[in-house]
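> Have a look at this prediction, sequence included:
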Amino acid sequence: MGLSFSNWHDPWYLGEAIRAPGFTLDHHQLLAMTLPRGMLLVGGESGPGAADGDRSWPSVARALEVAGLPGALQETCTRGRIQGGQRPDWGCSTTVAAIC
């Protein structure tokens, strides 16, 4: 989800300017603008560079903080996708944030 681990720097998106030292914006600010409306974060990438799951939650937590909703961190259920198209059961964790 974060710009640092995405391909938003490609010319057909935002370009190399987002990698400049003075560029301080990231997706948590965009997410903060959607709050307190519901939002679904969907992904399906797997492997060492995957942006799903634990790697995305810091941006979600920061969005809650920027939106003035730091108390919104709560238990939520996340759904992952595993190889072969199987869909596992919902698993709950108290370390993630609910936005929806």
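Arrived safely, thanks for sending.
> Next, work out how far apart the closest residue to Gln29 other than its chain neighbours and Leu25 are.
In this structure, Gln29 finds its nearest non-sequential neighbour in Val66, 6.1 Å apart by C-beta to C-beta, 6 or more residues apart in numbering. To be clear about C-beta, it is placed using only N, CA and C from the backbone, and glycine gets the same treatment. Going from Val66 to Leu25 by C-beta to C-beta, to the nearest Å gives 11 Å.
> Which one's more surrounded, those two?
Between Val66 and Leu25, Val66 has the larger neighbour count (other C-beta atoms under 10 Å), namely 16 against 10.
> Quick check, pLDDT for that one.
Note on Val66: pLDDT of 72.
> and what of the one 10 residues further on?
The pLDDT attached to Thr76 in the predicted structure is 39.
> go on, the one 10 residues further on?
The predicted local distance difference test score for Gln86 is 43.
> do Trp12 as well
With respect to pLDDT, Trp12 scores 91.
> So what's the residue count around it?
Residues near Trp12, counting by other C-beta under 10 Å: 7.
> can you check His9 too?
14.
> correct me, but Ala63 touches Gly2?
No: using C-beta atoms under 8 Å, Ala63 is not in contact with Gly2, being 11.1 Å away.
> For the residue nearest to Gln29, give me its contacts.
Applying C-beta atoms under 8 Å, 6 or more residues apart in numbering, we find Val66 in contact with 28-29, 32.
> what touches both of Ala63 and Gly2?
27-28.
> So for the two, which sits in the more crowded spot?
Legend: neighbour count by other C-beta under 10 Å for Ala63 and Gly2, higher for Ala63 (25 against 15).
> In terms of pLDDT, where does the more buried one sit?
Per-residue pLDDT puts Ala63 at 75.
> What is the burial count for Ala17?
By other C-beta under 10 Å, 9 other residues sit near Ala17.
> Give me the mean pLDDT for whatever helix or strand Met33 lives in.
Assessed by DSSP states H and E, Met33 sits inside helix 27-34. Mean pLDDT, helix 27-34: 79.
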